[in-house]
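Sharing a model prediction with you, sequence too.
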Amino acid sequence: MENYTYKDVLERIQKEERNVELISSNIIDESRRLILVLQDLLNKLKVYVTKYGFSDDDDEIDFFKRIKPEILGKLIYYNKVYRIETLCPVNSGKMYHSYFTTQLSVFKRDYIENISNSDFYRYYSSDRNDKDRMYFKRGNINYHDGLNSFAFELDLEFSTFYDYKVARIIADKLLYTYLMTRINSEEILKISDNSKDLSWTNSQNALIELIYALYISNSISHGKISIRKLASICQELFQTPLNDIHHAFHRMKTRSGTRTVFLDQLKISLEEYMDKDL
């Protein structure tokens with residue numbers, strides 16, 4: 001899939017998401033726009049796969065484990081945001097807070113029942129790959145285990161069933177951050193109002209590396225802040241959307257060479273600046 005690598009797809013999505021703010025007044029319009037963009041990208045991928053196929057098994061597995069779920073997960077996420085926002089009865093106050101708190105409760109119940117307790121969730125979250133050929137190659141759907149009805153409507157030339165499960169995991173982690181941002185919007189808005197000219201100009205991984213370093217070192221609020229809330233605040237502060245920070249962090253742990261690329265560069269840059277004054 002030379003024209004649709006994971007990096008290429010991420011860059012396309014990030015470019016479209018660049019100006020999206022979760023607590024902005026135009027989140028409905030932005031969500032609708034991104035739904036159309038992601039749907040178009042997914043359709044183009046389907047045409048490409050149908051026409052050219054895959055060069056080998058690894059290519060197929062990478063597509064259904066990472067590339068397609070990244071697009072489909074974002075598509076599911078923005079569709080849910082659009083539906084939640086268009087049904088919200090008010091823009092502020094106790095009813096607003098109650099509405100999003102209820103949405104969070106519904107989300108948590110569904111997440112526990114359908115996602116987090118599954119064997120596949122544990123497999124995917126632990127970065128295993130020993131069953132990838134069973135999960136991410138077409139034609140391996142196990143009908144004996146009992147499937148959701150939607151499985152019978154799948155296009156078997158463009159799905160392995162489990163690519164949808166990965167997409168749901170991606171979408172749900174994003175949705176959790178979104179709902180928590182909405183619930184804590186008054187606090188975050190104060191930050192956003194004072195940081196309109198700020199933007200993160202390094203990579204997402206660099207920011208995630210910094211967030212984890214601050215979190216693990218108890219440098220913010222004496223450690224009495226969750227990693228999700230800290231990530232949500234940084235996302236709004238620097239006006240940059242973050243993907244699945246937990247999965248990104250796990251990938252950092254298995255980097256070859258140095259695992260703290262950004263923090264190491266910070267140290268070098270600071271020391272070089274200090275040396276200028278000597």
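In hand now; what should we look at? Everything numeric in this text was worked out from a predicted model, so none of it was measured. Numbering: from 1, shown residues only.

phi, psi of L104?
Per-residue torsions, L104: phi -70, psi -40 (degrees, to the nearest 10).

list the contacts for it?
L104 makes contacts with 176, 179-180, 183, as judged by CB atoms under 8 Å, 6 or more residues apart in numbering. (Glycine included, C-beta is placed from N, CA and C.)

Among those residues, name the ones in helices.
176, 179-180, 183 (DSSP state H).

Output those residues in JSON lines, with neighbour count, pLDDT and distance to Y215 appended to each entry.
Shown next, in JSON lines, are these (neighbours: other CB atoms under 10 Å; pLDDT from 0 to 100; distance: CB to CB, whole Å):
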{"residue": "Y176", "neighbour count": "16", "pLDDT": "88", "distance to Y215": "17"}
{"residue": "L179", "neighbour count": "22", "pLDDT": "88", "distance to Y215": "20"}
{"residue": "M180", "neighbour count": "19", "pLDDT": "82", "distance to Y215": "15"}
{"residue": "I183", "neighbour count": "18", "pLDDT": "81", "distance to Y215": "20"}
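
Which of these sits closest to S226?
Closest to S226 out of the ones in helices among the contacts of L104 is M180 (8.7 Å), distances taken as CB to CB.

if we can go back for a sec, among the contacts of L104, list the two that are farthest apart in space.
Pairwise over the contacts of L104, using CB to CB, the maximum falls at Y176 and I183, 10.7 Å.

The helix ranked longest in the chain: which residues count as buried?
As assigned by DSSP H, the longest helix anywhere in the chain is helix 27-52. Neighbour-count burial for helix 27-52, counted by 16 or more other CB atoms under 10 Å, picks out 27, 30-32, 34-35, 37-38, 41, 45, 49.

quick one: least confident of these?
Among the buried residues of helix 27-52, I27 carries the weakest pLDDT, at 85.

if I read this right, that one contacts V81, doesn't it?
Yes - contact criterion CB atoms under 8 Å: I27 and V81 qualify, at 6.8 Å.
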